[in-house]
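K.L.:
Dropping the sequence and predicted coords here.
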Amino acid sequence: MQLWEYFFEDLFLSVDTVLYNTKVYMDGNLVDAGIAIDDGKIVKIAKITNLPQASTRINLNGHITLPGLIDSHVHLRDQELAYKEDFITGTAAAAAGGVTSVIDMPNNKPVTMSSFSLKERIKLAEKRILVNVGFNSTFPKKLEEIDEIVETGVIGFKVYMSNNIGGIDVDNDEQLTSAFKKAAKNRVPVFVHAEDRKIIEERTKELQTVGQNDTEAFSFVHSPEAEVKSVHRVIRVVKKSGVHVHFCHISSKLGLNAVLNAKQEGLPVTCEITPHNLLLISEQYRFHGNFALTVPPLRTKNDVSALWDGLRNGCVDIVASDHAPHSLKEKNTNSVWNALPGIPGLETTLPLLLTEVNENRLSLPELVQITSERPAKIFGIKNRGVIKQNNWADFVVVDIKLDHKIDASAFFSKAKYSPFDGKSMKGKVLQTFVNGRLVFDSGDIVIIHNNGNI
Ligand SMILES: [Zn+2]
């Protein structure tokens, strides 16, 4: 090669993709700029005239580019529960909702609770996922296997305080403390579903004997008292173990206050809330019945306003969907005791929150903090959650003013129902990029798989 050819190459340095004509969310501001992407990563953010040549150039028509959402609470199912959801449909739903990374929960069939079951799940997910997926495991029976599970690759461990899923007995404080200590030693967080198993068991029995089987009975069982009692118990274990505990789907004023107290004591705890607990109240059961049934259940106006306060004062760290799809048959039952709690949420979270931004109840920087920046920080997900040079090119492009309605029948998720079905939204997902690749565009999934593990 001649010397001038070297010079020529350098001058016309070319990257994979350039996105242009967009307002890029950076450091709390929207900046008119373009983004150059190479090998999945952001190489430059600059005015279009200062960006390099690219094989693909995409005009984003002046719309807003936000960091892709990181949803820390998702049940992707698959395996023997593939009739509810599988890796393809679950991650397609994520992409359609502007979610570029998810953390998968372990209450699968088989339960993710060993290095073997985790490997099986990771292997199945390869080439079937459209967004980045991180995995959680439950604790194994033999706690010495925890190191091996961490080595195989988990974001954290999940404990269901309401029932025994996985290898440890949640009624046994000693076992819990040893498991939490092992997690702390491995520097991974413990995700906690905080509901007191005994309160649930006793109250369920009590109501079933008198034949109460409606959503009100369900709310009495899965009560704020059950939540707060469990939060207190777990906090005692945090004190003994020093582990970072992340409380999933805190739903009540009582529960949130307990988390706030722990934070004020300087304990390593964080918490999430769900969009449905933030935006709906228990009166909604009249319209949706078991199709709005979740654990924890919908609460009172008082609880909802406590969650809003928590968002504003920073006690609530993040919003996560708790995307928990079930079949129609599993939801559509006469007795609440036979209905499975859980709703799909991946495709509704961002439109719902953008609508709140348009209603001035949430600012755009707050939205980005609770859905992208903080999840990345809290769970140590490197080079994601923020749009900046050298980070992965995970974006969602939104039309912040576009009116539309949620249509559950058009969900990519197999669960085609939602308590938000038919609701008017302002703010829509137009495109989703994962690791620099356009995955979702104008209502359609446009690639086959993305290969991303976080
Ligand atoms: Zn869940």
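P.N.:
Ah, there it is.
K.L.:
what about Ile400, which SS state?
P.N.:
Classification of Ile400 using DSSP: H, G, I helix; E, B strand; the rest coil returns strand.
K.L.:
Next: Asn21.
P.N.:
When classified by three-state DSSP, Asn21 comes out as strand.
K.L.:
Can you give me every residue that contacts it?
P.N.:
Gly34, Ile48, Asn59, Leu60, Asn61, Gly62 (Cβ atoms under 8 Å, 6 or more residues apart in numbering). Yep, even glycine has a C-beta here, placed from its N, CA and C like the rest.
K.L.:
tally of neighbours for the nearest residue to it once chain neighbours are set aside?
P.N.:
Once flanking residues are discounted, Asn21 sits nearest to Asn59: 5.0 Å by Cβ to Cβ, 6 or more residues apart in numbering. Asn59 has 12 neighbouring residues, counting by other Cβ atoms under 10 Å.
K.L.:
Write down the beta-bridge partners of Asn59, one by one.
P.N.:
On the basis of DSSP bridges, Asn59 is bridged to Tyr20.
K.L.:
is it true that it touches Tyr20?
P.N.:
Yes - between Asn59 and Tyr20 there is a contact at 6.2 Å, judged by Cβ atoms under 8 Å.
K.L.:
which secondary structure elements does the helix of greatest length in the chain contact?
P.N.:
When the chain is parsed with DSSP state H, its longest helix is helix 224-241. Using 3 or more Cβ pairs under 8 Å, 6 or more residues apart in numbering; DSSP states H and E, the elements in contact with helix 224-241 are helix 173-185, helix 197-209, strand 245-247, helix 253-264.
K.L.:
can you tell which of those is closest to Val154?
P.N.:
helix 173-185 (9.8 Å; Cβ to Cβ).
K.L.:
contact partners of the helix or strand that comes right after that closest one?
P.N.:
For helix 173-185, the following helix or strand on the C-terminal side (DSSP states H and E) is strand 190-193. Strand 190-193 is contacted from outside by 72-73, 136, 156-162, 179-180, 183, 230, 234, 243-249, 295, using Cβ under 8 Å, 6+ apart.
K.L.:
can you check stretch 434-442 too?
P.N.:
With Cβ under 8 Å, 6+ apart, stretch 434-442 has contacts from 16-17, 37-41, 58, 68, 92, 95-96, 100, 130-132, 392-394, 429-433, 445-447, 450-452.
K.L.:
quick one: terminal-to-terminal distance for that stretch?
P.N.:
The first and final residues of stretch 434-442 sit 15 Å from each other (Cα to Cα, to the nearest Å).
K.L.:
Report the mean per-residue pLDDT for whichever helix or strand Glu356 is part of.
P.N.:
Following DSSP H and E, one finds Glu356 within helix 349-358. Helix 349-358 shows a mean pLDDT of 98.
K.L.:
Alpha carbons of it, as CSV, please.
P.N.:
Extracted in CSV, the C-alpha atoms of helix 349-358 (Å, rounded to 0.1, in the frame of the first residue of the first chain):
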residue,chain,number,x,y,z
THR,A,349,-43.8,0.8,31.1
LEU,A,350,-42.2,3.5,28.8
PRO,A,351,-45.5,4.8,27.2
LEU,A,352,-47.0,5.0,30.7
LEU,A,353,-44.0,7.0,32.1
LEU,A,354,-43.8,9.2,29.0
THR,A,355,-47.4,10.1,29.5
GLU,A,356,-46.6,11.0,33.1
VAL,A,357,-43.8,13.3,31.8
ASN,A,358,-46.4,14.9,29.5
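K.L.:
how about that helix: buried residues?
P.N.:
Neighbour-count burial for helix 349-358 flags Thr349, Leu350, Pro351, Leu352, Leu353, Leu354, Thr355, Glu356, Val357 (criterion: 16 or more other Cβ atoms under 10 Å).
K.L.:
quick one, what contacts the closest residue to the second one other than its chain neighbours?
P.N.:
Distances taken as Cβ to Cβ, 6+ apart place Gly98 nearest to Leu350, at 4.4 Å, with adjacent residues excluded. In this structure, Gly98 makes contact with Leu66, Gly68, Leu69, Leu350, Val396, Val398, Val429, Thr432, judged by Cβ under 8 Å, 6+ apart.
K.L.:
again, but for Pro106
P.N.:
Going by Cβ under 8 Å, 6+ apart, Pro106 touches Thr112, Met113, Phe135, Asn136, Ser137, Thr138, Lys158, Ile165, Gly166.
K.L.:
sorry, back to before: tell me which of the buried residues of helix 349-358 is nearest to Asp147?
P.N.:
Proximity of the buried residues of helix 349-358 to Asp147 (Cβ to Cβ) peaks at Thr349, which lies at 34.2 Å.
K.L.:
For the closest one, give me its contacts.
P.N.:
Contacts of Thr349 (Cβ under 8 Å, 6+ apart): Leu69, Asp71, Gly97, Val99, Pro275, Val319, Ser321, Thr371.
K.L.:
which ones among these are found in strands?
P.N.:
Secondary structure assignment by DSSP state E places Leu69, Asp71, Val99, Val319 of those in strands.
K.L.:
Tell me who's in contact with the third one.
P.N.:
For Val99, the contacting residues are Gly68, Leu69, Ile70, Asp71, Val131, Ser321, Leu346, Thr349, Leu350, Val396, Thr432, taking Cβ under 8 Å, 6+ apart as the criterion.
K.L.:
isn't the fourth one right up against Asp104?
P.N.:
To tie it back to what came earlier, the one meant is Asp71. No - checked against Cβ under 8 Å, the pair Asp71 and Asp104 is beyond contact range at 10.0 Å.
K.L.:
and the residue most central in space within the chain, what is it in contact with?
P.N.:
Of all residues in the chain, the one closest to the mean position by Cα atoms, centre = their mean is Asp71, 2.1 Å from it. Neighbouring residues of Asp71 by Cβ under 8 Å, 6+ apart: Ala94, Val99, Ser101, Val102, Ile103, Ala320, Ser321, His323, Leu346, Thr349, Thr371, Pro375.
K.L.:
again, 10 Å this time
P.N.:
Asp71 makes contact with 94, 97-104, 131, 272, 318-323, 345-346, 349-350, 371-372, 375, according to Cβ atoms under 10 Å, 6 or more residues apart in numbering.
K.L.:
Equivalent analysis for Val102, please.
P.N.:
Going by Cβ under 10 Å, 6+ apart, Val102 touches 69-76, 90-91, 93-94, 129, 131-135, 320-321, 323, 346, 454.
K.L.:
Dihedrals phi and psi, Asp394?
P.N.:
phi -110, psi 110 (degrees, to the nearest 10).
K.L.:
tell me the contacts of it?
P.N.:
Counting by Cβ under 10 Å, 6+ apart, Asp394 has contacts 40, 42, 66-70, 98-101, 131-132, 372, 376, 383-387, 432-436, 439, 452, 454.
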